[in-house]
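Peer 1: Any chance you could fold what I've pasted below:
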Amino acid sequence: MENKLYKVHMGKAKCALDLGDGSERAEYVNQDYILHTLGRPHRNIGIMYTYYPKDEQWPARISEACKDMNITFQWDYPYDDYFPYKGGIGGTTDGEPFTFMKDIRKHGQDVTLTLTIDCSLDDEYLRQIAREIKPYGRMKIRINHECHGDWFTHNQRYSYEEIGKFFVKFANIIKEEAPNVETIFCAGFSRGEGEPVDHEEEFKEAYRTADVWSSDAYLSLHFGWPYDVAEKGNGGRYYCLTVDEFYNNFKNTAERLKELNGGVAKPLVTAEFNNDGDVTGPLHQGEAIKRFTEKIKSTNADWFNAISMYQFRDRGRLGLEIEDPNNNTVGIPQPLMKDYKEILNDEYFMPAMDVSEELTLPAKMRWGSAEDSDGIAIKVKLEKSPEFFEITFEEELSLMIEINGRWFYKAPETKTIDLMSAFFENPVADNSELTMKIFATPADGVNDQTENDDWNYNYYAEMTKMPDMRIRYEPVGIVK
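Peer 2: Alright, predicted model coming up:
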């Protein structure tokens with residue numbers, strides 16, 4: 001029997017889930033591994049870079065350039081110990097972060113680029129960066145984050161007023177050069193109903209200019225890591241909040257920023273979020289996170305746009321995995337992983353899917369973002385839970401495929417994808433009908449600048465041939 005095709009639109013979740021991947025505390029983990037581990041993509045993947053091209057140590061990573069420096073706090077280096085942004089004037093787009101941005105977009109996710117950057121840079125530097133990130137679709141850039149504090153280099157070299165003015169200047173240049181890129185202003189909180197946010201006067205124009213508001217926040221955090229040990233009492237530098245206090249800080253901030261913006265709300269996110277296992281212990285780490293997400297759900301907090309888990313793998317205890325100290329390419333899953341997978345599979349935090357009219361081949365697919373894309377849905381009738389389920393494509397398309405709640409990536413050169421892992425932990429009942437959803441992602445990770453007027457917002461691909469599905473309900477043979 002021939003399977004029918006339908007149009008499927010992927011839209012926004014009630015509250016989106018993002019994920020940090022790599023920072024001063026860990027290396028980048030490839031998206032194939034993360035997808036296989038977690039079972040579905042995120043909305044955005046956050047990556048962290050720094051750009052201080054006028055400094056004498058540049059373009060070295062500062063912890064490598066200053067190995068002999070006496071460091072007692074993570075932010076004591078001359079500039080931030082993130083991966084160096086290798087683009088910019090005199091740089092190249094062949095390396096980081098661009099290779100990782102391509103990897104993220106191929107796997108059906110959007111990029112959030114955090115960039116700590118020298119506020120003294122002339123416009124020409126900023127325009128170059130804006131032009132370099134333009135081909136990466138509807139990405140976001142978080143400029144000089146956590147700028148209400150005193151730990152980052154931008155706060156140590158510049159006043160709050162100078163940081164706010166620099167954000168406005170850079171954000172306006174991005175709007176001119178790369179209007180598809182959204183800017184995130186990440187600062188502090190309103191800590192009481194009607195109270196001003198941290199450094200409100202210095203930052204008010206930045207809040208009004210930004211597309212997205214963010215406050216980084218942790219239910220608990222060992223911020224002295226790795227230079228001291230968190231111990232009960234007075235050991236180490238750490239803090240621990242209640243879930244209600246944490247929630248109320250965000251709610252008060254959302255209301256205050258809306259008022260500051262003339263009554264118009266913008267998306268509010270927490271671009272870094274976790275509960276530090278150094279404080280709670282790994283066995284209790286996920287419990288408070290689940291209570292916070294349940295509170296977001298139960299109050300239907302439509303003023304809260306997204307949660308970004310910091311991070312997938314971590315050298316400390318802020319990751320779903322801990323990095324193996326013997327081998328930084330190996331991750332050790334933590335108990336938090338199980339709790340987080342439950343949140344990932346909660347409908348409240350999943351993108352909306354709308355299956356509509358029937359399609360015929362050739363069928364055009366559009367990738368706008370993880371919150372706005374059009375793909376193909378195929379109804380698949382199963383006699384019972386399968387023993388074999390493989391799908392083969394003749395065409396060299398970059399695809400994200402979802403069936404029975406699990407997602408798979410198909411690279412352009414790959415022909416056959418084994419879908420059986422969708423049924424290992426979640427077998428289906430007899431005579432079930434599933435809807436397979438297929439979306440075409442940018443094959444090279446960047447949008448094609450040659451074909452359509454809206455190229456920087458949308459990537460298009462066409463499927464002209466039906467894939468072949470090998471579905472079998474019995475083993476080929478049983479060893480006796």
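Peer 1: Distance of the nearest residue to residue 372 once chain neighbours are set aside relative to residue 409?
Peer 2: Spatial nearest neighbour of residue 372, excluding adjacent residues (CB to CB, 6 or more residues apart in numbering): residue 11 at 6.5 Å. C-beta: built from backbone N, CA, C; applies to glycine. Using CB to CB, to the nearest Å, residue 11 is found at 21 Å from residue 409.
Peer 1: Among those two, which residue is more densely surrounded?
Peer 2: Neighbours were counted for residue 11 and for residue 409 using other CB atoms under 10 Å; residue 409 has more, 19 against 12.
Peer 1: And the pLDDT for the more buried one?
Peer 2: We have a pLDDT of 98 for residue 409.
Peer 1: give me phi/psi at it?
Peer 2: With angles defined as degrees, to the nearest 10, residue 409 sits at phi -110, psi 140.
Peer 1: That one bridge partners, please.
Peer 2: residue 400 (DSSP bridges).
Peer 1: contacting residues for it?
Peer 2: 31, 32, 35, 106, 107, 108, 399, 400, 401 (CB atoms under 8 Å, 6 or more residues apart in numbering).
Peer 1: Span of stretch 345-358 from start to end?
Peer 2: 28 Å (CA to CA, to the nearest Å).
Peer 1: Show me which residues of it are buried.
Peer 2: 346, 349, 350, 351 (16 or more other CB atoms under 10 Å).
Peer 1: Name only those of the contacts of residue 409 that count as buried.
Peer 2: Counted by 16+ other CB under 10 Å, these give 31, 35, 106, 107, 108, 399, 400, 401 as buried.
Peer 1: With the flanking residues excluded, which residue is spatially nearest to the first one?
Peer 2: Closest residue in space to residue 31, ignoring its immediate chain neighbours: residue 107 at 4.0 Å, by CB to CB, 6+ apart.
Peer 1: Likewise for residue 440?
Peer 2: Nearest to residue 440 is residue 461, by CB to CB, 6+ apart, at 3.6 Å.
Peer 1: helix/strand/coil for residue 379?
Peer 2: strand (DSSP: H, G, I helix; E, B strand; the rest coil).
Peer 1: Isn't it up against residue 432?
Peer 2: No. Counting by CB atoms under 8 Å, residue 379 sits too far from residue 432 to count as a contact (11.0 Å).
Peer 1: re earlier: dump the contacts of residue 409 into a markdown table; add distance to residue 289 and pLDDT as well.
Peer 2: Formatted as a markdown table, the contacts of residue 409 follow (distance: CB to CB, whole Å; pLDDT from 0 to 100):
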| residue | distance to residue 289 | pLDDT |
| --- | --- | --- |
| 31 | 23 | 98 |
| 32 | 26 | 98 |
| 35 | 21 | 98 |
| 106 | 29 | 98 |
| 107 | 24 | 98 |
| 108 | 24 | 98 |
| 399 | 32 | 98 |
| 400 | 26 | 98 |
| 401 | 29 | 98 |
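Peer 1: Let me know how buried residue 92 is, in neighbour terms.
Peer 2: Neighbours of residue 92 (other CB under 10 Å): 11.
Peer 1: Now do the contacts for it.
Peer 2: Counting by CB under 8 Å, 6+ apart, residue 92 has contacts residue 86.
Peer 1: what about it, distance to residue 249?
Peer 2: 41 Å.
Peer 1: what do you get for residue 111?
Peer 2: Residue 111 is 27 Å from residue 249, by CB to CB.
Peer 1: With neighbour numbers in mind, choose between those two.
Peer 2: Neighbour totals were compared for residue 111 and residue 249, and residue 111 leads with 25 against 19 (other CB under 10 Å).
Peer 1: Make sure that one is indeed in a strand.
Peer 2: Yes. Counting by three-state DSSP, residue 111 falls inside a strand.
Peer 1: Residue 101 is in contact with that one, correct?
Peer 2: Yes. Using CB under 8 Å, residue 111 is in contact with residue 101, at 4.9 Å.
Peer 1: on that earlier part again, output the contacts of residue 409 in JSON lines, with distance to residue 437 appended to each entry.
Peer 2: Converted to JSON lines, the contacts of residue 409 look like this (distance: CB to CB, whole Å):
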{"residue": "31", "distance to residue 437": "18"}
{"residue": "32", "distance to residue 437": "19"}
{"residue": "35", "distance to residue 437": "15"}
{"residue": "106", "distance to residue 437": "17"}
{"residue": "107", "distance to residue 437": "15"}
{"residue": "108", "distance to residue 437": "11"}
{"residue": "399", "distance to residue 437": "10"}
{"residue": "400", "distance to residue 437": "8"}
{"residue": "401", "distance to residue 437": "7"}
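Peer 1: how close does the closest residue to residue 237 other than its chain neighbours sit to residue 402?
Peer 2: Ranked by CB to CB, 6+ apart and with sequence neighbours excluded, the top spatial neighbour of residue 237 is residue 224, at 3.2 Å. According to CB to CB, residue 224 and residue 402 sit 42 Å apart.
Peer 1: neighbour count winner among these two?
Peer 2: Legend: neighbour count by other CB under 10 Å for residue 224 and residue 402, higher for residue 402 (25 against 17).
Peer 1: Give me the phi and psi angles of that one.
Peer 2: phi -120, psi 130.
Peer 1: What of the one 3 residues further on?
Peer 2: Backbone torsions for residue 405, taken as degrees, to the nearest 10, come to phi 90, psi 0.
Peer 1: Neighbours of the closest residue to it other than its chain neighbours, how many?
Peer 2: Using CB to CB, 6+ apart and skipping residues adjacent in sequence, the residue nearest residue 405 is residue 426, 6.2 Å away. By other CB under 10 Å, 13 other residues sit near residue 426.
Peer 1: ok, residue 426 touching residue 403?
Peer 2: No. At 10.4 Å, residue 426 does not count as touching residue 403 under the criterion of CB under 8 Å.
Peer 1: where does this structure have low pLDDT?
Peer 2: Counting by pLDDT under 70, the chain contains low-confidence residues at 1-2, 451.
Peer 1: so where do the helices sit in it?
Peer 2: With DSSP state H, the ranges of helices along the chain come out as 31-38, 62-65, 98-106, 123-133, 153-157, 160-177, 200-209, 243-260, 277-280, 285-298, 336-344, 421-424.
Peer 1: Tabulate the CA atom coordinates of the fourth one in PDB.
Peer 2: The C-alpha coordinates for helix 123-133 follow below in PDB (Å, rounded to 0.1, in the frame of the first residue of the first chain):
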ATOM      1  CA  ASP A 123      32.500  49.600  13.900                       C
ATOM      2  CA  GLU A 124      34.500  47.800  11.100                       C
ATOM      3  CA  TYR A 125      35.200  44.900  13.500                       C
ATOM      4  CA  LEU A 126      31.600  44.600  14.400                       C
ATOM      5  CA  ARG A 127      30.300  44.800  10.800                       C
ATOM      6  CA  GLN A 128      32.700  42.000   9.900                       C
ATOM      7  CA  ILE A 129      31.300  39.700  12.600                       C
ATOM      8  CA  ALA A 130      27.700  40.600  11.600                       C
ATOM      9  CA  ARG A 131      28.500  39.700   7.900                       C
ATOM     10  CA  GLU A 132      30.200  36.400   8.900                       C
ATOM     11  CA  ILE A 133      27.200  35.100  10.900                       C
END
